[in-house]
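*Asks:* Structure, please.
(one chain, ligands or ions: 1)
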Amino acid sequence: MLDAVGVLLVLMLDAALSSLLLCSLLLVSSPYFIVSALWALAAVKWACLHVFTSFVSDGKPPAALHGLTALLCLLLPVCESGRVLTGTSFQTYSGPSLDLGELLLVRPACAALAWVLWEGLAGWAEPTIGEQDTTRLLTRVLKYFKADAVYLMAAFTFLILGVVCDTYVPWYQGKVVDFLSSRQLTADFGVCIRELVLVSLGSALFSAGRGGLFKCSLARLNYRLKLLLFHRLLQQELHFFHLNKPGQLSARLHEDVDKMGCTVALNANAMVRSVVKTLLMLHVMFSLSSELTVISCSAMALLGALQKTYIPLHKELKKQTQDCLAHNKQLVAETVGAIRTVRSLGAEPEELRHYDKALQRTSSVRRRAGIYSTLYRLLHQLIFTGMKIVMMMKARTLLSTNQLSIGNLLTFLLYLKPLQRSITEILQSFGNTVATVGVISKVFSYLDRTPKRTKDGLLSPEELHGDVVLRDVTFSYPSAPDRPAVKGVSMRLRPGRLTALVGPSGSGKSSMTLLLKRLYEPEEGEVLLDGEPLHCYTHTFLQEKVALVSQNPVLFSGSLRYNVEYGLKDVPFQKVREAAEKVNAHRLISAMESGDNTDIGERGEKLSEGEKQLVAVLRVLLRDPKVLILDEATSHLDLNSQRDVLREVLSGGRTVLVVTHQLHTVETADHIVFMEGGAVVEEGTHAQLMERRGRYRRLKEEQFTEP
Ligand SMILES: Nc1ncnc2c1ncn2[C@@H]1O[C@H](COP(=O)(O)OP(=O)(O)OP(=O)(O)O)[C@@H](O)[C@H]1O
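*Replies:* Reported below is the predicted structural model:
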């Protein structure tokens with residue numbers, strides 16, 4: 001209600017102010033003064049209307065009233081400036097025209113232009129917080145291009161030159177047509193042809209140069225950013241990797257970094273090119289015919305508005321389609337991958353139902369996308385055809401009054417399609433840039449992330465005994481902060497001795513091994529190595545001297561030897577063979593000796609579980625660690641191999657901790673630590689614990705497997 005009354009009041013006030021101000025124009029005679037006065041009067045009028053709208057709406061005028069006041073104020077100066085700038089009626093210009101055609105055709109077009117101008121100005125004047133963020137992020141992306149500044153400068157120079165040449169091709173083509181239609185092939189015709197060839201060549205050369213340079217700098221940026229991001233990711237604490245799934249991180253590293261580079265190298269490139277080209281084309285078109293330009297501009301504004309509405313809708317539906325397709329793919333992969341389970345549980349009809357539902361969702365999204373696309377094309381075509389009809393009618397008048405030549409009309413028509421393409425490109429590149437802001441901020445959030453772990457120290461002693469002490473260690477996983485996995489544990493691992501860590505599932509044994517390897521850090525208490533906290537040692541030293549082998553070791557695709565020597569440089573094969581002989585890995589030795597470079601498959605799928613464990617043990621033994629932790633690392637080996645491995649790992653006075661459920665290992669251990677509920681409940685030798693008749697003895701039957 002307030003809006004309707006407000007609009008009415010504003011219109012009445014505008015009419016009063018306009019008549020008053022226009023009367024004062026009668027005192028001015030020069031065209032320049034008239035136009036300047038129109039702009040000045042528009043400013044005065046805008047101030048009055050602004051105060052008035054604020055007054056009638058209690059200081060909070062609705063956005064629609066802002067638009068209306070802007071339109072009312074800018075309409076006349078924009079329209080009259082256009083008339084004066086075209087120069088056709090400059091000499092005779094004596095102020096605003098009352099011509100009916102102009103009032104019905106030109107004024108509405110100028111109204112649309114004035115509104116667009118106001119929206120642009122208002123948007124510039126008051127950037128929102130989101131826009132400030134966008135600007136900051138985009139500026140930061142630009143900083144990453146610093147190393148390629150020369151390439152980029154050259155690329156942008158080529159871009160401008162290419163656009164200028166490109167814009168003038170139709171201009172010269174029109175001139176050639178004019179020469180041909182006049183049938184007077186004078187020397188000027190030759191000059192004109194030469195210039196046409198020159199601009200065409202320039203356009204081709206500069207465009208090719210621009211494309212190459214942008215692609216080159218984009219490739220360099222991608223390389224730098226990916227390396228930097230991967231480096232940052234590798235530094236993060238383990239919890240970060242629990243929170244962010246591998247697929248997510250990989251997508252960030254590859255797709256998102258690519259998109260980020262494209263923002264500058266492709267979107268900015270397209271944006272600058274299209275803006276320059278649009279301005280140049282408008283300039284040329286205006287000089288050919290101001291009337292036809294105004295008609296095409298109004299149609300373009302309508303097409304722009306249509307596209308602005310359709311593009312986000314189209315993108316959203318495209319994203320939904322892609323999500324649906326990815327989901328369908330995953331569904332099929334999961335079902336086929338687990339076909340044994342699906343068949344044995346008779347779940348085929350259930351899986352078929354799931355897939356049917358997923359397919360229906362996909363086709364519904366596609367149907368909607370199809371309807372919107374058809375509607376968009378229809379409206380687009382209608383606007384374009386309407387514009388052509390109005391233009392042709394106007395062109396007939398202009399041709400009959402000799403205000404326009406055939407060549408100029410042809411040139412004008414040649415500019416129409418590129419103009420429309422340029423405007424579409426501006427909207428698209430703007431939309432793409434805004435769409436990538438989310439992606440960019442995510443990439444930056446990873447680049448800026450400081451790992452939540454104590455900084456590595458500088459200790460790297462020549463000699464290490466391997467005396468490990470845990471003092472009142474408490475630890476909970478960041479994802480379950482209220483449920484400590486290890487509670488106030490104190491124990492000592494002595495050099496040359498085998499300590500067995502036993503207990504029921506979920507008692508905190510593996511968590512202890514992760515703390516000893518410093519993959520996590522205790523919340524309370526400390527882990528000391530030769531009297532110094534683990535974080536005081538350098539990262540490399542600690543990784544060399546303290547080794548962990550888990551029950552399901554991770555192997556990489558590649559040859560057997562590659563996996564055994566993983567992370568080591570130039571290991572003599574003799575050393576590998578000796579280590580393998582000691583742990584009875586004869587099959588592995590012969591495979592490596594025969595130069596068998598066959599891939600062991602993804603995650604070593606072509607090896608048996610026992611062979612995988614042997615590779616993992618060998619890999620660690622080659623590093624000759626001082627402290628060795630085996631977390632059920634030999635559970636898949638036969639008894640003899642298990643004994644061989646234990647004998648070998650204990651040689652050389654190593655400190656060894658084994659997490660095990662095997663009775664024979666427990667019986668040979670020098671010391672046994674029995675854990676339950678994250679705490680140490682009993683400790684001693686096997687004989688001592690059996691004598692005590694405590695939890696260990698009671699649970700022995702359930703806990704340990706006989707050989
Ligand atoms: N990544 C994790 N996030 C949250 N909680 C975890 C995580 N890993 C383990 N836990 C929890 O910590 C507790 C101790 O787990 P841990 O793996 O150390 O037990 P475990 O004694 O090694 O068991 P098992 O013998 O079955 O390997 C369990 O309650 C487990 O649910």
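*Asks:* Verify the stated contact: Leu614 with Asp638.
*Replies:* No. The pair Leu614 / Asp638 is not scored as a contact, 10.8 Å apart, by C-beta atoms under 8 Å. For the C-beta atoms, the positions are set from N, CA and C on the backbone; glycine is no exception.
*Asks:* out of those two, which sits in the busier spot?
*Replies:* Counting neighbours by other C-beta atoms under 10 Å for Leu614 and for Asp638 shows that Leu614 has the greater number, 27 against 12.
*Asks:* what's the distance between the more buried one and the ligand?
*Replies:* To the ligand, Leu614 is 21 Å away according to C-beta to the nearest ligand atom, to the nearest Å.
*Asks:* Confirm that residue sits in a strand?
*Replies:* No. Counting by DSSP: H, G, I helix; E, B strand; the rest coil, Leu614 is not found in a strand; it is helix.
*Asks:* What score does the residue of the stretch 101-250 of the chain found nearest the ligand have for pLDDT?
*Replies:* Minimum separation of the stretch 101-250 of the chain from the ligand (C-beta to the nearest ligand atom) falls at His242, amounting to 5.6 Å. In this model, His242 is scored at 79, pLDDT.
*Asks:* what sits against it?
*Replies:* Taking C-beta atoms under 8 Å, 6 or more residues apart in numbering as the contact definition, His242 lies against 477-479.
*Asks:* Okay, and it sits in which element?
*Replies:* Secondary structure assignment for His242, by DSSP states H and E: helix 238-243.
*Asks:* Identify each buried residue in that helix, please.
*Replies:* Across helix 238-243, burial judged by 16 or more other C-beta atoms under 10 Å covers Phe240.
*Asks:* next structured bit after it?
*Replies:* From helix 238-243, the next helix or strand downstream (DSSP H and E) is helix 246-251.
*Asks:* Name the residues that touch that following helix?
*Replies:* Counting by C-beta under 8 Å, 6+ apart, residues outside helix 246-251 touching it are 233, 241.
*Asks:* Low-confidence ranges, the protein, go.
*Replies:* 1-33, 55-64, 82-134, 183-187, 264-265, 591-598, 699-707 (pLDDT under 70).
*Asks:* Spell out which residues belonging to this protein are near the ligand, please.
*Replies:* 242, 477, 479-480, 485, 503, 505-511 (C-beta under 6 Å from any ligand atom).
*Asks:* Tell me where the stretch 201-350 of the chain has strands.
*Replies:* With DSSP state E, counting those that start in this stretch as the criterion, the stretch 201-350 of the chain has no strands.
*Asks:* So which residues of it form helices?
*Replies:* Using DSSP state H, counting those that start in this stretch, the helices of the stretch 201-350 of the chain run over residues 238-243, 246-251, 257-262, 269-288, 290-337, 339-344, 348-400.
*Asks:* that older thread, between the residues of the chain next to the ligand, which is nearest Arg421?
*Replies:* Nearest to Arg421, judged by C-beta to C-beta, of the residues of the chain next to the ligand is His242 at 48.2 Å.
*Asks:* what about the residue nearest to His539 when sequence neighbours are not counted, distance to the ligand?
*Replies:* Counting by C-beta to C-beta, 6 or more residues apart in numbering, Asp456 is the residue found nearest to His539 once chain neighbours are left out, at 4.6 Å. Distance, Asp456 to the ligand, using C-beta to the nearest ligand atom: 23 Å.
*Asks:* thought Asp256 was touching Gly438?
*Replies:* No. Contact criterion C-beta under 8 Å: Asp256 and Gly438 do not qualify, at 9.5 Å.
*Asks:* between those two, which one's more packed in?
*Replies:* A count of neighbours by other C-beta under 10 Å puts Asp256 above the other of Asp256 and Gly438, at 21 against 13.
*Asks:* List the contacts of the more buried one.
*Replies:* Asp256 is in contact with 439, 442-443, counting by C-beta under 8 Å, 6+ apart.
*Asks:* roughly how far apart are it and the ligand?
*Replies:* 26 Å.
*Asks:* leaving aside the residues next to it on the chain, what's closest to Arg603?
*Replies:* The nearest residue in space to Arg603 (C-beta to C-beta, 6+ apart) is Leu555, at 5.8 Å.
*Asks:* wait, what's in contact with the one you found?
*Replies:* Counting by C-beta under 8 Å, 6+ apart, the residues that Leu555 touches are 563, 600, 603-604, 607, 612, 615-616.
*Asks:* Val549 falls within a strand, correct?
*Replies:* Yes. Looking at Val549 with three-state DSSP, it is inside a strand.
*Asks:* surely it meets Glu632?
*Replies:* No. With contact defined as C-beta under 8 Å, Val549 does not reach Glu632; the gap is 9.2 Å.
*Asks:* Those two: who's more crowded?
*Replies:* Comparing Val549 with Glu632 by other C-beta under 10 Å, the one with more neighbours is Val549, at 23 against 20.
*Asks:* which residues touch the more buried one?
*Replies:* By C-beta under 8 Å, 6+ apart, the contact list for Val549 reads 613, 616-617, 620, 628-631, 633.
*Asks:* at 6 Å instead, please
*Replies:* Residues in contact with Val549 (C-beta atoms under 6 Å, 6 or more residues apart in numbering) are 616-617, 620, 630, 633.
*Asks:* For it, which non-adjacent residue is closest in space?
*Replies:* Val549 sits nearest to Ala633 (C-beta to C-beta, 6+ apart), 3.9 Å away.
*Asks:* For the one you found, which three-state class applies?
*Replies:* On the basis of three-state DSSP, Ala633 is classed as coil.
*Asks:* For it, what are phi and psi?
*Replies:* Backbone torsions of Ala633, given as degrees, to the nearest 10, read phi -80, psi -10.
*Asks:* Against Leu614, how distant is it?
*Replies:* Ala633 sits 10 Å away from Leu614, going by C-beta to C-beta, to the nearest Å.
*Asks:* just Leu529 next, same as before
*Replies:* 27 Å.
*Asks:* go on, Gly558?
*Replies:* Counting by C-beta to C-beta - Gly558 and Leu614 are separated by 16 Å.
*Asks:* same thing with Ala42?
*Replies:* For Ala42, the distance to Leu614 (C-beta to C-beta) stands at 86 Å.
*Asks:* likewise Lys245?
*Replies:* Taking C-beta to C-beta, one finds Lys245 at 30 Å from Leu614.
*Asks:* Which parts of the stretch 501-650 of the chain are helices?
*Replies:* Using DSSP H, counting those that start in this stretch, the helices of the stretch 501-650 of the chain run over 509-516, 539-545, 560-564, 573-582, 586-593, 609-621, 639-650.
*Asks:* Check the stretch 51-200 of the chain too.
*Replies:* Counting by DSSP H, counting those that start in this stretch, the helices of the stretch 51-200 of the chain are 63-86, 100-101, 107-125, 129-144, 149-182, 187-235.
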